[in-house]
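Chemist: I need the structure of the sequence given here:
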Amino acid sequence: MTQYTQSGAGEYFYDEPEKTSILAILSLILGLICFVPLLGVLAIVLGVFALIGIGSSQGRTKGTGLAVAGIVLGLLFSVLQTGALFAAQQGLAKFGQFANPLVEVEAGSYDEARKYLATDTANELTDDDFEEFRDAYQAELGSFDSVPKGLVALIGTYSELGPSMNAVSTNDAPYSGASFPIPGLFDNSSAIIMLAIDESGGIGPNEFPLAENIGVVLPDGSLLWLAETEGEEAEATEAGTEGADEAEAAGSEAATPETPEPPSEPDPDPELELEAGGDADADAEDAG
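Modeler: Numbering: from 1, shown residues only. Take a look at the predicted model:
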């Protein structure tokens with residue numbers, strides 16, 4: 001039943017049952033699911049408006065606790081998301097620096113590139129080795145540009161280059177147990193850059209682990225390494241040994257003189273044999 005209340009000034013007010021603020025309810029709901037980006041901010045805004053509406057309703061609207069809870073959750077998750085976003089940006093920037101060795105190779109700064117390599121590898125490589133490696137991957141992929149920027153671009157490039165990574169993992173590639181794949185953008189296409197981490201735990205510039213070797217996966221699925229791997233060294237040694245054996249065999253054949261074959265005797269003439277036999281018989285008769 002409708003009730004009216006008279007104030008001291010003689011004014012009458014319509015008494016309604018209390019109702020819960022819809023804005024307060026929405027603020028709490030968004031605060032509970034604000035792990036989705038930007039929903040936390042929306043929960044805060046709705047909660048503030050809900051408190052304003054509740055305060056001006058003269059007790060006809062309730063839901064202050066819901067609005068406060070929505071604001072608190074919105075603030076909490078917004079702070080966490082902001083921190084996570086900042087950390088992700090810093091992590092992506094740090095991740096891009098893993099390609100610094102190839103950046104230095106591309107720029108021709110070979111001494112700087114050596115700083116990212118293990119001591120033994122850096123000492124063995126000559127400037128010609130760096131140039132040969134750079135010319136080889138540029139012939140297939142073009143010049144190296146950078147690592148994909150942004151989380152979405154990074155994930156998309158990894159997805160695109162998935163078959164290349166699978167090919168490397170199934171080809172008995174050296175350093176497969178300690179290789180780190182990095183997607184790289186080249187002038188002609190994208191490709192996987194492989195960093196073979198030095199197992200000794202050496203630290204290079206910017207506190208990055210030293211690399212024992214650097215490789216690039218070419219479009220045909222083959223893996224081009226900067227430093228010669230153990231498998232390549234074995235193949236080169238085997239090829240050199242086979243070549244030396246062939247050369248030695250050829251030299252031995254050239255040094256050994258050929259023995260001339262004796263002349264073959266002509267086949268005896270049957271008529272001459274008959275005449276010789278007749279003469280012999282005649283001589284025997286005369287002697288008798």
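Chemist: leaving aside the residues next to it on the chain, what's closest to Leu39?
Modeler: The shortest distance from Leu39 to any non-neighbouring residue, by CB to CB, 6 or more residues apart in numbering, is to Leu30 (5.0 Å). (C-beta placed from N, C-alpha, C; glycine too.)
Chemist: gap between that neighbour and Asp120?
Modeler: Per CB to CB, to the nearest Å, Leu30 is found 58 Å from Asp120.
Chemist: So these two - more neighbours on which side?
Modeler: A direct count of neighbours by other CB atoms under 10 Å for Leu30 and Asp120 places Leu30 higher, at 24 against 12.
Chemist: Where does that one sit: helix, strand or coil?
Modeler: Here Leu30 is recorded as helix under DSSP: H, G, I helix; E, B strand; the rest coil.
Chemist: same question for the helix or strand harbouring Tyr137, mean pLDDT?
Modeler: Using DSSP states H and E, Tyr137 falls within helix 127-141. For helix 127-141, mean pLDDT rounds to 94.
Chemist: Name the residues of it that come out as buried.
Modeler: Neighbour counts over helix 127-141 (16 or more other CB atoms under 10 Å) mark 130, 133-134, 137-138, 140-141 as buried.
Chemist: One more: stretch 197-216?
Modeler: In terms of neighbour count (16+ other CB under 10 Å), stretch 197-216 has its buried residues at 197-198, 204, 208-216.
Chemist: and it, how far apart are its ends?
Modeler: Start-to-end span of stretch 197-216 (CA to CA, to the nearest Å) is 14 Å.
Chemist: Contacts for it, please.
Modeler: 97-98, 100-102, 105, 115-119, 121, 133, 137, 141, 173-175, 178-180, 184, 191-196, 223-227, 229 (CB atoms under 8 Å, 6 or more residues apart in numbering).
Chemist: For ChimeraX, write the selection for the buried entries among those.
Modeler: Those of the contacts of stretch 197-216 that count as buried under 16+ other CB under 10 Å are selected in ChimeraX with:
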select :98,100,101,102,105,116,117,118,121,133,137,141,173,174,175,179,184,191,192,193,194,195,196,223,224,225,226,227,229
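Chemist: In helices, which of the contacts of stretch 197-216 appear?
Modeler: Among those, the members found in helices (DSSP state H) are 100-102, 105, 119, 121, 133, 137, 141.
Chemist: Nearest to Ser57 among the residues you listed?
Modeler: Distance to Ser57, by CB to CB, is smallest for Asn100 among those, at 61.8 Å.
Chemist: distance of that closest one from Ile193?
Modeler: Separation of Asn100 from Ile193 (CB to CB): 11 Å.
Chemist: Tell me how many other residues surround Gly91.
Modeler: Using other CB under 10 Å, Gly91 has 11 other residues around it.
Chemist: any idea how far it is from Asn213?
Modeler: Distance, Gly91 to Asn213, by CB to CB: 25 Å.
Chemist: just Thr157 next, same as before
Modeler: 22 Å.
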